[in-house]
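Undergrad: structure for the following, please:
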Amino acid sequence: MTADGEAVSQVSGSSTIQFEIPISHLRPWSPSDPFLYDLRVELVDQKNAVTDQVKSYFGMRSIRLGMVDGKLRPLLNGKFVFQMGLLDQGYWPDGIYTTPTDEALKSDLETARKFGFNLVRKHAKVEPQRWYYWADKLGLLVWEDMPSMWYLDDQPTLTRKQFETEWQTIIQQHQNSPAIVTWVPFNENWGAYDVSRIAVWTKTLDSSRLVDGNTGYNNAPGYRPAPGDPGNGDFADLHIYVGPGDPPQPSATRAAALGEYGGVGLIVPDHMWPGKHKAYEMQPTVEDLTKRFEQVQSNLLPLIKDKGLSAAVYTQLTDVEEEVNGITTYDRRFEKMDCQRIRAANEAVLAAARKLNGGQ
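TA: Below is the predicted model:
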């Protein structure tokens, strides 16, 4: 195992027995320092000749809930880091769910970093493994959604069994990514069922991460009522547009999150999908949209200190087919807000949270 090209640890053992690799002077992974260790695993025969070899990487970080300033909050490596996120649906105008290139996968995450966000909520989609590699490499926290069902009540036994099979597979496939800090089995009431049970089960599948059992439990798609608060999981999480409004407050067992807010739109001719265009609120110019974002972010500040808010996910990273509330257009060719001012507004939010750690 190496760090910055220097060997830091080496162990050997039987291929049939689990063993650990000790690390002295641990350097933890975080958005501010997304440090990754290089790993090489060799299989040797009885003559000590290498017969097979695998190279990989890993990051070391912890995520848990803990008390800070008298309120329960998510702690990254033992410190409260406000999770300032972007909703990311991962659509592309030339491939819909398929990204054109690896560089394109990387560029969306680079945009999130450039605008001062430290989190991406991958909404109702699972990306190729390379997307999570770039999140690990660039230093972005990830909330990973399970892709939503819709009319699950048509064949509940069949659909629910398949849902749980696929969710377990997703967790197993991506459990080694240091970037993923929260699993999100349900979004609003898009096919939600047995939410409390699924939240507990998700935690048993991976106890090293947080679980947001139902982000936006106050909302529903229309054909079914909102599921309501499941009462468990690691987050109490509402969706409020434009917000931030009055998000939930932490309890003795759950931190408080604003799983979606914002959604303010701007029409940019020649950079939009043809057809209808909508947002939760429209602004006429880049300047007006930037000012509106700054206003919304300033309203987060008292919620962090006084109400215990610990995470907020702005809608959204890019425009999609009908939705024009991205920070960039659907083709990624036009930034719809002033980047430096948005970054400064986000830094003010992150700084307010850092102060709650006693200045550390």
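
Undergrad: tell me how the chain divides into domains.
TA: Under the assignment automatic domain parsing, the domains of the chain span 2-58, 63-355.

Undergrad: distance from the chain centre to the shortest one, please.
TA: In this view, domain 2-58 has its centroid 27 Å away from the chain centroid, taken as CA atoms, centre = their mean, to the nearest Å.

Undergrad: quick one: end-to-end distance for that domain.
TA: Terminal residues of domain 2-58 are spaced 11 Å apart (CA to CA, to the nearest Å).

Undergrad: for stretch 174-183, same thing?
TA: Stretch 174-183: ends 11 Å apart by CA to CA.

Undergrad: where along the stretch 251-360 of the chain do the strands fall?
TA: In the stretch 251-360 of the chain, the strands defined using DSSP state E, counting those that start in this stretch lie at 255-262, 264-265, 281-282, 309-315.

Undergrad: residue 150: which of these is closest?
TA: strand 255-262 (18.5 Å; CB to CB). Every C-beta, even on glycine, is put in place using the N, C-alpha and C of the backbone.

Undergrad: for residue 96, give the beta-bridge partners.
TA: Beta bridges link residue 96 to residue 92, judged by DSSP bridges.

Undergrad: could you measure from it over to residue 321?
TA: Remark: distance between residue 96 and residue 321 (CB to CB, to the nearest Å) = 9 Å.

Undergrad: which one of these two has more residues nearby?
TA: Counted by other CB atoms under 10 Å, residue 96 and residue 321 do not tie: residue 321 has more neighbours, with 16 against 11.

Undergrad: would you confirm that the more buried one contacts residue 91?
TA: Yes - judged on CB atoms under 8 Å, residue 321 makes contact with residue 91 at a distance of 7.0 Å.

Undergrad: which neighbours do those two have in common?
TA: Counting by CB atoms under 8 Å, 6 or more residues apart in numbering, the contacts common to residue 321 and residue 91 are residue 330.

Undergrad: coming back round to it: possible to save the strands of the stretch 251-360 of the chain as JSON lines with mean neighbour count?
TA: Output for the strands of the stretch 251-360 of the chain, formatted as JSON lines (neighbours: other CB atoms under 10 Å):
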{"stretch": "strand 255-262", "mean neighbour count": "28"}
{"stretch": "strand 264-265", "mean neighbour count": "23"}
{"stretch": "strand 281-282", "mean neighbour count": "15"}
{"stretch": "strand 309-315", "mean neighbour count": "28"}
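
Undergrad: closest one to residue 225 among these?
TA: So among these, strand 255-262 is nearest, using CB to CB, at 18.3 Å.

Undergrad: counting contacts, what elements does that closest one pack onto?
TA: If contacts are counted by 3 or more CB pairs under 8 Å, 6 or more residues apart in numbering; DSSP states H and E, strand 255-262 sits against strand 71-76, strand 235-239, helix 286-298, strand 309-315.

Undergrad: ranking the ones you listed by burial, who's on top?
TA: For the helices and strands packed on strand 255-262, average neighbour numbers computed from mean count of other CB atoms under 10 Å are highest in strand 309-315, which has a mean of 28.

Undergrad: could you check how far residue 229 is from residue 254?
TA: Counting by CB to CB - residue 229 and residue 254 are separated by 10 Å.

Undergrad: where do the contact lists of these two overlap?
TA: With CB under 8 Å, 6+ apart as the test, residue 229 and residue 254 both reach residue 236.

Undergrad: these two: which is more packed in?
TA: A direct count of neighbours by other CB under 10 Å for residue 229 and residue 254 places residue 254 higher, at 23 against 18.

Undergrad: quick check: bridge partners of the closest residue to that one other than its chain neighbours?
TA: Nearest residue to residue 254 in three dimensions, chain neighbours excluded: residue 236, at 4.8 Å (CB to CB, 6 or more residues apart in numbering). Counting by DSSP bridges, residue 236 is bridged to residue 256.

Undergrad: residue 236 against residue 252, yeah?
TA: No - using CB under 8 Å, residue 236 makes no contact with residue 252, being 11.4 Å away.

Undergrad: low-confidence stretches in the stretch 201-350 of the chain?
TA: For the stretch 201-350 of the chain, no stretch has pLDDT under 70.

Undergrad: pull the number of nearby residues for residue 317.
TA: Using other CB under 10 Å, residue 317 has 26 neighbouring residues.

Undergrad: ok, it to residue 348 distance?
TA: Distance from residue 317 to residue 348, by CB to CB: 20 Å.

Undergrad: which of the residues in stretch 88-96 are buried?
TA: 88-93 (16 or more other CB atoms under 10 Å).
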